[in-house]
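> Fold the following for me, if possible:
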Amino acid sequence: MSPAAATGADRVDALLAARVAAGERFFGAESERLARLCHAMAERFARGGRLLAFGASTVDVSDARHVAVEFVHPVIVGKRALPALALSPAEVALLARADDIAIAFGGGAAGAPSKRSGAAVEAAVRDAARGGCLTLAFTRVGAEWELIPPTADAFVAQELAETAYHVLWELVHVFFEHRGLLAGRTAGPVHDSGASSFLYPFLAEREDDLGAVLADVRASALTKSREIGELRAQTLREGRVTLLAAAAALRASFDTGGTLLALGNGGSATDAMDAVADLREPPPWPARRALDLTADPAILTAIANDVGTEALFARQVIAYGRPGDTLLAFSTSGGSPNVILALQEARRRRLATIALVGYDGGRVAAERLADHVIVTRSEHIPRIQEAQASAWHVLRELIEADL
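Sure thing, here's the model as predicted:
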């Protein structure tokens, strides 16, 4: 290994160690509160409440949209759709109502927001509380529930917040689907776990024992935090060489005027949005050219309606891609047809290609459809997305590193 490669590998290892340590501290300290928060959220949902997610910066908006899509379009078998909206801070006062759950992103020191965006988030939290909402935040903005990641690194803080809201999404169903554990519930069946009952076998025996279920949910949150720590380690250690090569290729592209085009579906679309924001608004680094191919609903719906969903991204690669640009694809499966067609089109047009994929890499890895493929070896979509967020953030830092 060359001295530069060894230095780069050491850098990746250090970034991984910081993430694992912060995750252990955060979930070790907050697992009990996460369990109680799941119960409080489930009571709100059972009374007809909605989740309202909001943020001011583009990075914060990507988290708000990620929360909304996870709750509305559950990807785990048996979980029901729960109402969630991604809003701007200014919309909260207009749309919030009693029994809603307001989750704020940004506004505190960890994300280094502008004074204006921070004030907007804090005002929205106050508006939500006055309207009867339960309020939650990952920075200090005056929310009723504040889960503060123990790090000054904005990337690590965002990754921990993502794992936390995924855990809330996964475990709120424990209470919502067993209404005997909920106070003030609406009329309906008490036991209602449906197809997801196999995920929570302890509940059938503890329908009325809230303390015992809270303890089980707390233990489940800790288990999930350990799982993501191990998956981040797998992704970054196995992907070290690929990440360093991808960073060098991106740096060379940017230095010659190239643009990064990012894409993904669902939660992965919000990852693409975050990646573009990290490049365009990246203090203390220079801004880099980047386009989010998931951003324009008029373009997306026109292509989907007139051509088909498989062409969503390939058509945009044709429109925007030039030789010397780079396509960045996020895919949990590694097999989404619109991602594959976009990668193939990018190759034809002489763009460099980078793919972050889950499972065993899917078709993207098996058919070598990208120049640089980072595989997160899991079939659990929330954990894949969390590890991919870490992989992208490490890649972003490596682009600017003097290696």
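> what number of residues lie near Ile148?
Residues lying near Ile148 (other C-beta atoms under 10 Å) number 18. Any C-beta I mention is one placed from the backbone N, CA and C, and that applies to glycine too.
> Revised request: answer the last question for Arg289.
16.
> Ok, the one 3 residues further on next?
Using other C-beta under 10 Å, the number of residues around Asp292 comes to 24.
> does the residue lying closest to it once chain neighbours are set aside sit in a helix or strand, and which one?
Distances taken as C-beta to C-beta, 6 or more residues apart in numbering place Val276 nearest to Asp292, at 4.2 Å, with adjacent residues excluded. Using DSSP states H and E, Val276 maps to helix 267-280.
> for the residue nearest to Asp292, what are its contacts?
Taking C-beta atoms under 8 Å, 6 or more residues apart in numbering, we find Val276 in contact with Thr58, Leu260, Ala262, Ala290, Leu291, Asp292, Ala295.
> Sitting in helices, which of those residues do you find?
Using DSSP state H, the subset of these located in helices is Thr58.
> Just the buried ones among the contacts of Val276, please.
Buried by 16 or more other C-beta atoms under 10 Å: Thr58, Leu260, Ala262, Ala290, Leu291, Asp292, out of the contacts of Val276.
> Can you spell out which helices and strands pack onto the helix or strand containing Gly229?
Using DSSP H and E, Gly229 sits within helix 210-238. If contacts are counted by 3 or more C-beta pairs under 8 Å, 6 or more residues apart in numbering; DSSP states H and E, helix 210-238 sits against helix 3-46, helix 154-176, strand 372-375, helix 381-400.
> Need these in JSON lines (columns: mean pLDDT).
Formatted as JSON lines, those follow (pLDDT from 0 to 100):
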{"stretch": "helix 3-46", "mean pLDDT": "92"}
{"stretch": "helix 154-176", "mean pLDDT": "93"}
{"stretch": "strand 372-375", "mean pLDDT": "98"}
{"stretch": "helix 381-400", "mean pLDDT": "97"}
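> Redo those as CSV? Include distance to Ala304 and mean neighbour count.
Output for these, formatted as CSV (distance: least, C-beta to C-beta, whole Å; neighbours: other C-beta atoms under 10 Å):
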stretch, distance to Ala304, mean neighbour count
helix 3-46, 30, 18
helix 154-176, 26, 24
strand 372-375, 27, 24
helix 381-400, 22, 24
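> Which among these is found nearest to Ala102?
helix 3-46 (10.3 Å; C-beta to C-beta).
> Please state the offset of the closest one from the chain centre?
Relative to the centre of its chain, helix 3-46 is centred 13 Å away, using C-alpha atoms, centre = their mean, to the nearest Å.
> name the helices or strands packed onto that helix?
Judged by 3+ C-beta pairs under 8 Å, 6+ apart, helix 3-46 is in contact with strand 101-105, strand 134-137, strand 145-146, helix 154-176, helix 210-238, helix 240-255, helix 381-400.
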